[in-house]
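Asker: mind looking at a prediction? Sequence and model below.
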Amino acid sequence: MSQQRGVIGVIGAGTMGRGIVQLFAEAGHEVRLYDTQDGAAARGRDFVADLLRRAADKGRIKPEQMEATLGRIRPQSELGGLAGCDVVIEAVIEDLGVKRELFRALEPIVGEHAILASNTSSLLVAEIAAACARPLRVAGLHFFNPVPLMKVVEVIAAVRTAPETVAALKQLVEGAGHRAVVAADQPGFLVNHAGRGLYTEGLRVVEEQAATPAQVDTLMREAAGFRMGPFELLDLTGLDVSGKVMESIYEQFQHEPRFRPSSLVRPRIAAGLYGRKSGEGWYRYEGQSRVEPAAPRPAPAKLTQAAKPVAVRKAHAFKPGDTVTEDDIRAMPDSAYMDDVQLEYFRGLLLKMRNEVLARELDVKERLHQREVFADPADRATAEEEHWLDLRLRERESMLLRKIDDALRRIRDKEYGYCVKTGEPIGIPRLLARPTATVCVDVKGQDEKVETHFRDR
């Protein structure tokens with residue numbers, strides 16, 4: 001296949017399909033665009049025409065270049081219009097059944113030496129190729145949005161993909177000015193596998209209320225050197241697309257806990273908060289421009305004044321602006337009053353404590369599971385006391401976890417701290433204590449005593 005004369009077929013006139021069309025048309029290829037929806041292919045060409053026209057108006061390309069590029073884009077009304085293409089790239093919905101059926105229908109239309117490439121971002125290429133009579137010519141060709149600007153393209157060789165197919169796709173991509181990276185046919189390939197550390201962890205930070213999406217994005221851009229934060233990227237790629245990638249990778253890695261999708265994703269997809277394409281995601285948009293939220297009004301002056309404690313039993317008021325240490329909080333009586341900074345520190349201690357409780361609870365559950373599944377019947381009788389104690393410990397840890405989660409919720413809902421309207425403080429209960437158990441078991445198993453008390457941590 002000649003880089004200059006090869007005919008490229010693109011199936012799917014959505015965001016990715018239009019970008020692929022623009023890339024190869026600008027590189028000198030004839031590009032045929034097909035979509036199952038009536039008129040979608042023509043609208044896809046019009047969309048590319050608008051982009052090129054704006055580029056010509058700004059002097060980035062010459063008008064004759066624009067006209068030549070548009071002349072190489074040819075919308076097709078039927079799948080049969082892709083006959084004679086050297087490479088056909090599908091950019092349809094991320095659904096294995098749809099992609100398989102498409103390639104099965106496409107195979108008898110194109111020539112026997114034509115390459116069939118999938119722009120899948122998470123499905124295994126080998127599973128797509130399994131529907132084809134000639135899997136040697138099937139490979140993955142994963143572009144990134146926006147295609148003309150994102151210079152990396154993953155070339156994925158399935159188990160039965162011929163080396164010649166991979167070499168031809170590398171040559172095609174590099175001829176268009178992009179960089180081809182060969183990746184293994186494994187869940188997420190290369191970029192989306194590595195991206196779990198960005199997307200999944202970013203979502204987990206927000207899910208645990210440690211920071212807002214805007215704070216996470218700012219931190220990743222200004223401190224970590226990323227050009228975009230995870231939530232900005234999710235809005236760009238579309239949460240409907242990224243959500244399916246998260247689910248797919250999680251399934252393909254046999255529910256590996258570190259790849260578990262966030263519970264925040266599905267409700268937002270159901271609400272249509274996809275990102276830029278829908279006008280709202282983690283941020284709001286007008287056209288392609290992000291709408292910045294209005295700056296918050298300054299806090300009332302009386303919030304900086306000394307607190308006036310309300311009458312509660314054993315209450316303590318930290319003065320606004322004072323540094324509060326962990327020892328101060330643990331030594332306080334039943335409740336205390338805090339300003340925003342002190343409250344944030346208290347919240348951090350609760351999150352730290354929550355992680356410790358979760359770890360202890362998991363240890364207890366694992367011990368219970370080991371005894372129930374693997375213990376020898378003869379040994380189980382001798383370990384009955386330990387088993388009973390672990391059941392009690394599990395109940396206590398679960399109860400403490402509920403209290404911590406309730407405190408975090410009340411902090412989030414502004415039920416603690418200083419009243420915005422009056423400046424009066426609202427008490428915070430003393431939660432930095434947990435129930436522990438001291439067990440005395442008679443060596444003969446006759447007596448058992450469980451003493452529960454609260455111990456400061």
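Answerer: Good, I have the coordinates. Numbering: from 1, shown residues only.

Asker: skip the chain neighbours and tell me the closest residue to Leu203.
Answerer: Ser262 (3.6 Å; Cβ to Cβ, 6 or more residues apart in numbering). (Glycine included, C-beta is placed from N, CA and C.)

Asker: give the contact list for that neighbour.
Answerer: 200, 203-204, 206-207, 246 (Cβ atoms under 8 Å, 6 or more residues apart in numbering).

Asker: where does it land in three-state SS?
Answerer: coil (DSSP: H, G, I helix; E, B strand; the rest coil).

Asker: kindly provide the distance from it to Ala214.
Answerer: 17 Å (Cβ to Cβ, to the nearest Å).

Asker: check Val7 too.
Answerer: Between Val7 and Ala214 the computed distance is 46 Å (Cβ to Cβ).

Asker: more neighbours: the two, which one.
Answerer: Val7 (21 against 16; other Cβ atoms under 10 Å).

Asker: so, low pLDDT: which residues of the stretch 1-150 of the chain?
Answerer: 1-5 (pLDDT under 70).

Asker: do a quick rundown of the strands in it.
Answerer: Remark: strands assigned in the stretch 1-150 of the chain by DSSP state E, counting those that start in this stretch are 7-11, 30-34, 73-76, 87-90, 115-118, 138-142.

Asker: save these as TSV, and put in distance to Asp46 too.
Answerer: Below are the strands of the stretch 1-150 of the chain laid out as TSV (distance: least, Cβ to Cβ, whole Å):
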stretch	distance to Asp46
strand 7-11	15
strand 30-34	11
strand 73-76	9
strand 87-90	20
strand 115-118	25
strand 138-142	25
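
Asker: which residues are in contact with stretch 50-60?
Answerer: 22, 61-63, 65-66, 69-70.

Asker: and the residue positioned nearest the centre of the chain, what is it in contact with?
Answerer: Nearest residue to the geometric centre of the chain (Cα atoms, centre = their mean): Tyr199, 3.4 Å. Contacts for Tyr199 were tallied using Cβ under 8 Å, 6+ apart; they are 230, 233-234, 242, 246.

Asker: thinking again about what came up before, show the buried residues in the contacts of stretch 50-60.
Answerer: For the contacts of stretch 50-60, a neighbour count by 16 or more other Cβ atoms under 10 Å gives the buried set as 22, 61, 66, 69.

Asker: find the nearest non-adjacent residue to the first one, please.
Answerer: In other words, Gln22. Val48 (4.8 Å).

Asker: which residues touch that neighbour?
Answerer: 18, 21-22, 25, 69-70, 73.

Asker: same thing but at 10 Å, please
Answerer: 13, 18-19, 21-23, 25-26, 31, 33, 69-70, 73, 148 (Cβ atoms under 10 Å, 6 or more residues apart in numbering).

Asker: how close does it get to Glu251?
Answerer: With Cβ to Cβ as the criterion, Val48 and Glu251 are 35 Å apart.

Asker: what segments of the stretch 201-350 of the chain are helices?
Answerer: Using DSSP state H, counting those that start in this stretch, the helices of the stretch 201-350 of the chain run over residues 213-222, 230-237, 239-252, 265-270, 326-331, 340-374.

Asker: and the residue nearest to the centre of the chain, what helix or strand is that in?
Answerer: helix 196-207 (DSSP states H and E).

Asker: check which residues of that helix are buried.
Answerer: Buried residues in helix 196-207 (16+ other Cβ under 10 Å): 196, 198-200, 202-203, 205-206.

Asker: ditto for stretch 355-364
Answerer: Those would be 357, 360-361, 364, for stretch 355-364 by 16+ other Cβ under 10 Å.

Asker: and of those, the nearest to Ile115?
Answerer: Glu361 (52.9 Å; Cβ to Cβ).

Asker: contacting residues for that closest one?
Answerer: Taking Cβ under 10 Å, 6+ apart as the test, what Glu361 contacts is 393-394, 396-398, 400-401.

Asker: thanks a lot, see you next time.
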